[in-house]
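1. I need the structure of the sequence given here:
(chains A and B)
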Amino acid sequence: MSGRRLLLLGGIGLILSGMLFGDIFAVFTLHQNAAQVGANLADAAHAALAGNRQAVLASFQNVGAFLENRGTKVDTHVHMIDFGYLALMLAILQPWLAFTEGAKKKLAWVFLTGAWLLPAGVYLIHYVGLAHSPMKTIGWASIAADFGGLLVLIVTFVCLLGLWKHFRTKLASQPDALFADRSAEGRMLFAGGIALVLLGFFHGAYYAATDLYRHEAQDYSLLAQMSAGAAAGAGTVVDGALAGYGQLQGAKAVNIAAHAHSIEFGLLAIMLAFFQPYVSLHARWKRRWAGALLLGSLSLPICVLLEMKFGLVAGGLADFAGLLIIFALLAMWIGILRYTGELDASARRMPESGAPQ
Amino acid sequence: MSSSRRLLIVGGIALAVWGMGYGLWYAVFAEHQALDSIGASLAGSFAAAADRNPAGRETSLEQYREAKYVYDRQVDVHGHWIGLAMLLIVLGIGFDRVNFSKRLKFFLALGLLLGSVIFPLGVLLQTISHGALPRAVAIAGSALVIAALLGSAAGVVARESARGVR
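-> Coordinates of the predicted model:
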């Protein structure tokens, strides 16, 4: 298997795994975890109200543990998908890297090792903690995750050097079918992807301009109300601030998730546009899957935004949109798997391009 | 390969390496300490409330606000540098689909690269100064990225023949 196909299949595998992990996490952990964080924060506020310092500290320890659990799972999801994207990009750039095919394959393996090691390490941070760690604040799982990140960083840097060498030596590369493809599904994914990225940018800019600083100020003022209310023995103030704080965290989370998902799915659509020549499916099905991917990519951020207003109904629709993307991606991955032999045979004949004829 | 494409791809990978390096440094040397500081100051504020100690409560809450403000921005910077780097690489690969003149394409690519560097830099500068300048830098960077991306999108939908006219 060539370095390009290794990165392509490994990259889509990482994205699929990251998305599935995200969906499972969203359905089975996220909301329960948020409820636990809220409940423990309420316990801390009520303990402060009762003047019980020890109970306050115990509750905050629980809050910290639940937040760490949530944070490491979000990081696992995000890094898996982002490394998958990077793998796809490096796969596209393979013909422009001035290395031998053997070196490219080794680089691909090192990249994929690091790309799996980091999310696995991050996932384990919550469970391994500081057990047998030689350091005060960083446990073995963090060390493994950081090492994985370092491997990815080194490979990306080496690819940059390979690209630089290619440009300096002005090596002539053969035309690559991936860049020349202008199929209907390719154009659909490319244009749809750019539209999604722009949508995400506009939403991010709007959120930053209208809500970001207001939310930050509210976060502080609600916590101040909670602690001041507790110190003054005003239970109703504490409860009001707690309710407001829960709402605020929800509003922040859905806005950030909608912004990030719209841009990430846009990037995914653009990247998949280039790989359509490798998807060995009937043209009609390729268009259908491209349409399904774009539909899911548009629906998911919208439904996530609507979660604050319509609750579980919108949440369920967002999960369904996520599944639609996963199925479309899986179908394309299977199509690429079907496309066997020809690419490597062609790469052996023409090592510069790595492109099918 | 055209200069605009080269600028986007090489600039994008360099920015990704930079963003990952920043993230790695942050994870190893700063993140755990920042999270400890956020947790400890918030817990300290509520513990001071339990002790009916208003001065301690306010001091701890102020520490929480500052630590959280810095942490949120540092994580945002890491995410945005890498996210924008990936966008640059992907656009660089597909930049031959933008049907504008070489000169205009180069300016669009330059705008995308500059905006992608400047926008997170402005966010990072907010951790040093709470003044208007870092915010202005971040806004200018994001506006540059959006404008250049809109221009590129217009180039994608522009007719093939436009390339000849220009």
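2. Which residues are in contact with the residue of the stretch 251-357 of chain A found nearest chain B?
-> With CB to the nearest CB as the measure, A:Ile270 is the residue of the stretch 251-357 of chain A nearest to chain B, at 5.0 Å. Placement of C-beta: from N, CA and C, glycine included. For A:Ile270, the contact set (CB atoms under 8 Å, 6 or more residues apart in numbering or on different chains) comprises A:189-190, A:193-194, A:197, B:90-91, B:94.
3. Give me the neighbour count for residue 131.
-> Let's take chain A. Using other CB atoms under 10 Å in any protein chain shown, A:Ala131 is surrounded by 9 other residues.
4. hmm, I had chain B in mind actually
-> B:Gly131 sits with 10 neighbouring residues when counted by other CB under 10 Å.
5. for the one 5 residues further on, same thing?
-> B:Ala136 has 12 neighbouring residues, counting by other CB under 10 Å.
6. Could you list every helix and strand in contact with the helix or strand hosting it?
-> For B:Ala136, the host element (DSSP states H and E) is helix B:132-157. Other elements packing on helix B:132-157 under the criterion 3 or more CB pairs under 8 Å, 6 or more residues apart in numbering or on different chains; DSSP states H and E are helix A:184-207, helix B:54-93, helix B:102-125.
7. Including mean neighbour count, distance to B:Ser2 and mean pLDDT, could those go into a markdown table?
-> As requested, the helices and strands packed on helix B:132-157 are exported to a markdown table (neighbours: other CB atoms under 10 Å in any protein chain shown; distance: least, CB to CB, whole Å; pLDDT from 0 to 100):
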| stretch | mean neighbour count | distance to B:Ser2 | mean pLDDT |
| --- | --- | --- | --- |
| helix A:184-207 | 20 | 18 | 93 |
| helix B:54-93 | 21 | 10 | 92 |
| helix B:102-125 | 20 | 6 | 95 |
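8. which stretch among these comes nearest A:Ala231?
-> The closest of those to A:Ala231 is helix B:54-93. By CB to CB, the value is 6.1 Å.
9. Figure out how far that closest one is from the centre of its chain.
-> The chain centroid and the centroid of helix B:54-93 are separated by 10 Å, computed with CA atoms, centre = their mean, to the nearest Å.
10. before we move on, what about stretch A:294-306?
-> With CA atoms, centre = their mean, you get 15 Å for stretch A:294-306.
11. What of stretch A:187-207?
-> With CA atoms, centre = their mean, you get 16 Å for stretch A:187-207.
12. now check that stretch, is it near chain B?
-> Yes. Against chain B, stretch A:187-207 shows contacts by CB under 8 Å from any CB of the partner chain at A:190-191, A:194-195, A:197-198, A:201-202, A:204-205.
13. biggest separation within those, which pair?
-> Maximum distance among the residues of stretch A:187-207 next to chain B (CB to CB): 22.9 Å, for A:Phe190 and A:Ala205.
14. so what's the spatially most central residue of chain B up against?
-> Centroid-nearest residue in chain B, with CA atoms, centre = their mean: B:Pro120, separated by 2.8 Å. B:Pro120 is in contact with B:19, B:76-77, B:80-81, B:84, B:138, B:141, counting by CB under 8 Å, 6+ apart.
15. Tell me if I'm right that B:Ala67 and B:Asp36 touch.
-> No. Counting by CB atoms under 8 Å, B:Ala67 sits too far from B:Asp36 to count as a contact (9.3 Å).
16. ok, A:Phe74 - contacts?
-> To be clear, residue A:74 is Val; Phe isn't right here. So A:Val74 contacts A:Phe25 (CB under 8 Å, 6+ apart).
17. which intervals of the stretch 251-357 of chain A have sub-threshold pLDDT?
-> A:340-357 (pLDDT under 70).
18. Contact residues of it facing chain B?
-> Close to chain B, as judged by CB under 8 Å from any CB, the stretch 251-357 of chain A has residues A:260, A:263-264, A:267, A:270-271, A:273-274.
19. try 6 Å this time
-> Within the stretch 251-357 of chain A, the residues that sit near chain B (CB under 6 Å from any CB of the partner chain) are A:267, A:270-271.
20. now the residues you listed as JSON lines including secondary structure?
-> What follows is those, written out as JSON lines (DSSP: H, G, I helix; E, B strand; the rest coil):
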{"residue": "A:Leu267", "secondary structure": "helix"}
{"residue": "A:Ile270", "secondary structure": "helix"}
{"residue": "A:Met271", "secondary structure": "helix"}
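21. A:His166: which of these is nearest?
-> Using CB to CB, A:Met271 comes nearest to A:His166 of those, at 20.7 Å.
22. Can you report how many residues lie near the closest one?
-> A:Met271: 28 neighbours (other CB under 10 Å).
23. Now it. Nearest residue, chain neighbours left out?
-> Once flanking residues are discounted, A:Met271 sits nearest to A:Leu88: 4.7 Å by CB to CB, 6 or more residues apart in numbering or on different chains.
24. by how many degrees do whichever strand or helix holds the one you found and helix B:54-93 diverge?
-> Using DSSP H and E, A:Leu88 falls within helix A:53-93. Between helix A:53-93 and helix B:54-93, the angle comes out at 10 degrees (axes from the mean of the first three to the mean of the last three CA atoms, to 10 degrees).
25. which element follows helix A:53-93 toward the C-terminus?
-> From helix A:53-93, the next helix or strand downstream (DSSP H and E) is helix A:101-128.
26. Mind checking if that next one is in reach of chain B?
-> No. Helix A:101-128 is not in contact with chain B by CB under 6 Å from any CB; minimum separation 9.2 Å.
27. And the next helix or strand along the chain from that helix, what does it pack against?
-> Next along the chain after helix A:101-128, taking DSSP H and E as the criterion, comes helix A:140-169. Applying 3 or more CB pairs under 6 Å, 6 or more residues apart in numbering or on different chains; DSSP states H and E, one finds that helix A:140-169 contacts helix A:101-128, helix B:3-26.
28. Out of those, which gets nearest to A:Ala141?
-> Of those, nearest to A:Ala141 by CB to CB is helix A:101-128, at 3.9 Å.
29. circling back: now render the helices and strands packed on helix B:132-157 as JSON lines, adding distance to A:Gly71.
-> Formatted as JSON lines, these follow (distance: least, CB to CB, whole Å):
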{"stretch": "helix A:184-207", "distance to A:Gly71": "21"}
{"stretch": "helix B:54-93", "distance to A:Gly71": "10"}
{"stretch": "helix B:102-125", "distance to A:Gly71": "20"}
